[in-house]
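J.: model this:
(one chain, ligands or ions: 1)
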Amino acid sequence: MYKLHYFPGNASAVPHMLLEESGVDYELCLVDRDINAQKSPEYMRINPMGRIPTLEDGTFAIFETAAIVLHLLERHPEGLMQPLAGTGERSKFYQWLFFLTNSLQEELMIWQYPDRLVGADAVSAAMVRQGAEARASTMLDVIEKHLSSNGLFFLGAKISAVDFYLLVLARWARPMSNPPRTRPAISKLLAEVSARPAVQRAYAAEGITDGIY
Ligand SMILES: N[C@@H](CCC(=O)N[C@@H](CS)C(=O)NCC(=O)O)C(=O)O
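T.: Next comes the predicted model:
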């Protein structure tokens, strides 16, 4: 059985939603960030970066959200949360997955934790945060433009795993001055994805019942 190491609302929510969508059995293991459990020697044996999430699959463990997503999609193709291999659609799916994990998520991390870059200097931290928010906003505008000309979801009419990824990042970005939900096409996608029973079950299990985006 899978074991998903998670903390409420963290990037782990993406594979959590996909596990719920696929209907497979899995165990949810809390990594208690309040006591820095992600940096415990025991956890760092399966995730040497001390980050969340990690997925244990029998004898091995995988870290990095996007890698976990791809692993689950390969294991459970029946959920059809990605286009068929070898198609242009599949390549577009990869494009958006990497854009979300590598570009938008990283800017949001800098925006949330500017002190990790500049230490305790509050003035520098504010500048770093402002820059990260501006770059994240530009990325959200790119997504908005794509969605408004392409359909409800990233890949058009059909939902895929990247739509769940955006929902999780949108929750983090709620305090931004121009949060994701203020963009009409993004807002429609978020409403659609957050209404899915699997998403509601995943967030409820994490203790998240409001403020989803
Ligand atoms: N690129 C990694 C980033 C993981 C990451 O930074 N996770 C955050 C939670 S969303 C975390 O573990 N933060 C705790 C820490 O940095 O100590 C991934 O997507 O798996």
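
J.: Counting neighbours, what do you get for Arg183?
T.: Under the neighbour criterion other C-beta atoms under 10 Å, Arg183 is assigned a count of 21. All C-beta spots, glycine's among them, are computed from the backbone N, C-alpha and C.

J.: residue contacts, the nearest residue to Ser22 once chain neighbours are set aside?
T.: With sequence-adjacent residues excluded and distances taken as C-beta to C-beta, 6 or more residues apart in numbering, Ser22 is closest to His76, at 4.3 Å. Shown here is His76, whose contacts under the criterion C-beta atoms under 8 Å, 6 or more residues apart in numbering are 18, 22, 24.

J.: which parts of the biggest helix by length in the chain are buried?
T.: Taking residue count as the measure and DSSP state H as the definition, the longest helix of the chain comes out as helix 122-150. Neighbour-count burial for helix 122-150, with 16 or more other C-beta atoms under 10 Å as criterion, is recorded at 125, 128-129, 132-133, 135-137, 139-140, 143-144, 146-147.

J.: any chance you could read off phi and psi for the residue nearest to the spatial centre of the chain?
T.: When the chain is reduced to its mean C-alpha position, the nearest residue by C-alpha atoms, centre = their mean turns out to be Tyr165, at 3.8 Å. In terms of degrees, to the nearest 10, the main-chain angles of Tyr165 are phi -60, psi -40.

J.: what does Phe154 give?
T.: Here is the backbone geometry of Phe154 (degrees, to the nearest 10): phi -50, psi -40.

J.: Hmm, Leu166 and it touching each other?
T.: Yes. Look at Phe154 against Leu166 with C-beta atoms under 8 Å: they come within range, at 7.5 Å.

J.: Name the residues contacting each of those two.
T.: Taking C-beta under 8 Å, 6+ apart as the contact definition, Phe154 and Leu166 share the neighbouring residues 143, 189.

J.: re earlier: for the buried residues of helix 122-150, give me JSON lines that also has pLDDT.
T.: Output for those, formatted as JSON lines (pLDDT from 0 to 100):
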{"residue": "Ala125", "pLDDT": "97"}
{"residue": "Val128", "pLDDT": "97"}
{"residue": "Arg129", "pLDDT": "97"}
{"residue": "Ala132", "pLDDT": "98"}
{"residue": "Glu133", "pLDDT": "98"}
{"residue": "Arg135", "pLDDT": "98"}
{"residue": "Ala136", "pLDDT": "98"}
{"residue": "Ser137", "pLDDT": "98"}
{"residue": "Met139", "pLDDT": "98"}
{"residue": "Leu140", "pLDDT": "98"}
{"residue": "Ile143", "pLDDT": "98"}
{"residue": "Glu144", "pLDDT": "98"}
{"residue": "His146", "pLDDT": "98"}
{"residue": "Leu147", "pLDDT": "98"}
